[in-house]
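[1] Turn this into a model:
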Amino acid sequence: MELIILQWNANRLQPHAAELKHFLTQMEKQPDLICIQETFFNAVTRFSIDGYNCERHDRTTATNGGGVATFIRTGISYSVLNRCNSPEFITILLNTSTGPLAVINVYHPPGLTTDDNTYPHLFQHQEQAILVGDFNAHSTAFGSVTTDLRGQQIENCMETYSYVALKSQHRNPHLH
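    Numbering: from 1, shown residues only. Below is the predicted model:
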C-alpha cells in the first residue's frame with residue numbers, strides 16, 4: 001500500500017492557507033493525509049481543503065497557539081482513536097487493505113517539560129503506526145547535529161517499541 005503523508009508546522013494555518021493550497025496544486029500526486037501542527041485554531045475557526053475531511057484537536061487552554069489538524073483525502077476509510085492535550089495530538093486509524101494503520105499527529109510545545117513518561121503512550125499501539133509532527137526535539141537519529149533530552153526520550157521509545165525514523169530527502173523542507 002502506498003501512502004503519501006504531507007507534514008507541516010504551519011505556525012498559524014489561516015495566514016498560510018494560500019501557500020499550502022498552492023503547494024498542493026504543484027504536487028504531482030496529492031497526499032492521502034495532510035498533518036499540520038500549530039494550527040492556532042479555536043472552537044470557532046472554520047477551515048477546509050477541497051477533497052479532504054478534517055479532524056483536529058485545538059488547544060483547549062487559555063494560551064493561544066498550538067493545535068493539530070489531520071486532513072484525510074475523501075474516500076479513505078478512517079476513525080478518530082483519541083485526542084490529547086500534553087503533548088497535543090490526534091490519532092487517526094486508517095482502514096487499509098493491509099489492516100489498520102494508526103497515524104499520530106503531534107505538536108509538543110518547546111516550553112513544556114518532559115520526563116520518561118511523556119512519550120511512551122504515543123508509541124503503544126496494537127496496530128501498525130506512524131508518528132509525525134513537531135516534537136521540538138533534536139536527535140542525530142532523525143537528522144539533527146546534536147541530541148537533546150526530548151530527542152533521547154524519543155530515541156528510547158523508538159528502540160523499545162521498534163520504530164524507525166523516516167527522514168525527508170531535504171534537510172529542512174519548506175513549502176515556499
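[2] Give me the sheet partners of the helix or strand where residue 81 lies and which way each runs.
    Assigned by DSSP states H and E, residue 81 falls within strand 78-85. Under the criterion DSSP bridges, strand 78-85 sits next to strand 88-96 (antiparallel) in its sheet.
[3] For the strand it pairs with, buried residues please.
    Neighbour counts using 16 or more other CB atoms under 10 Å place 88, 89, 90, 91, 92, 93, 94, 96 of strand 88-96 among the buried residues. To be clear about C-beta, it is placed using only N, CA and C from the backbone, and glycine gets the same treatment.
[4] Over to stretch 6-14?
    6, 7, 8, 10, 13.
[5] what's the answer for stretch 18-31, then?
    Buried residues in stretch 18-31, counted by 16+ other CB under 10 Å: 20, 23, 24, 31.
[6] next one: stretch 35-53
    35, 36, 37, 38, 39, 40, 41, 49, 52.
[7] The fourth one touches residue 64, doesn't it?
    Translated: residue 38. No: using CB atoms under 8 Å, residue 38 makes no contact with residue 64, being 10.6 Å away.
[8] What is the one helix or strand residue 8 maps to packed up against?
    Residue 8 belongs to strand 5-9 when assigned by DSSP H and E. Strand 5-9 makes packing contacts with strand 33-37, strand 99-107, strand 128-134 when contacts are defined by 3 or more CB pairs under 8 Å, 6 or more residues apart in numbering; DSSP states H and E.
[9] related to what we said a few turns ago, would you mind checking which of the buried residues of stretch 6-14 is nearest to residue 120?
    Of all the buried residues of stretch 6-14, residue 7 has the smallest distance to residue 120: 21.5 Å, by CB to CB.
[10] That closest one contacts residue 130, correct?
    No: if you go by CB under 8 Å, residue 7 and residue 130 don't touch, sitting 9.8 Å apart.
[11] any idea how far residue 147 is from residue 13?
    Counting by CB to CB, to the nearest Å, the separation of residue 13 from residue 147 is 30 Å.
[12] To clarify, my last question referred to residue 44.
    Residue 44 is 40 Å from residue 147, where distance means CB to CB.
[13] Checking the closest residue in space to residue 64 that isn't next to it in sequence next. Helix, strand or coil?
    Distances taken as CB to CB, 6 or more residues apart in numbering put residue 40 closest to residue 64, at 6.6 Å, once the chain neighbours are dropped. Of the three states, residue 40 takes coil according to DSSP: H, G, I helix; E, B strand; the rest coil.
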